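Colleague: no FASTA, just this:
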């Protein structure tokens, strides 16, 4: 049996309620993981190894979400701010490969995770770095 079909305006309103004050995604913290893992709908926080490379932020960045909009494929979408991660190469640097990113809510619960299309090697070395912006989509369709 197919699920409910949400009118575009309602899909946008539902996603807005998640990304604004009081919503599950409001104030989400961005982390990266360094184990060679592909997240699924069954992923738990313990499946992800948080990065520890030289320069990894001791306080995870907070995501600020864009105004929800209807994208070109009729999905309600909100984009998180672009966050830069930079390796410092300080002291005897910790070097690792970053495989993806994940979000935790204000209670520390896993919201979601994404494996990057290409892992980021040599993070922690002087001059290493990358930028990432999460997106969240709400789609209503018949399966």
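Modeller: Good, I have the coordinates. Source: prediction; values computed, not measured.

Colleague: same for the longest strand seen in the chain, what does it pack against?
Modeller: Determined from DSSP state E, the single longest strand within the chain is strand 110-123. Applying 3 or more C-beta pairs under 8 Å, 6 or more residues apart in numbering; DSSP states H and E, one finds that strand 110-123 contacts strand 96-104, strand 129-132. Using the backbone N, CA and C atoms, a C-beta is placed for each residue, glycine as well.

Colleague: Name the surrounding residues that touch stretch 44-51.
Modeller: Contact with stretch 44-51 is made by 31-35, 37, 39, 96, 98, 102, 104, 108-110, 113, 123, as judged by C-beta atoms under 8 Å, 6 or more residues apart in numbering.

Colleague: any chance you could map the strands in this protein?
Modeller: Using DSSP E, the strands of the chain run over residues 29-33, 69-70, 76-79, 83-86, 96-104, 110-123, 129-132, 135-138.

Colleague: re earlier: which members of the contacts of stretch 44-51 come out as buried by neighbour count?
Modeller: The neighbour-count criterion (16 or more other C-beta atoms under 10 Å) marks 31, 32, 33, 34, 39, 96, 98, 102, 104, 110, 113, 123 among the contacts of stretch 44-51 as buried.
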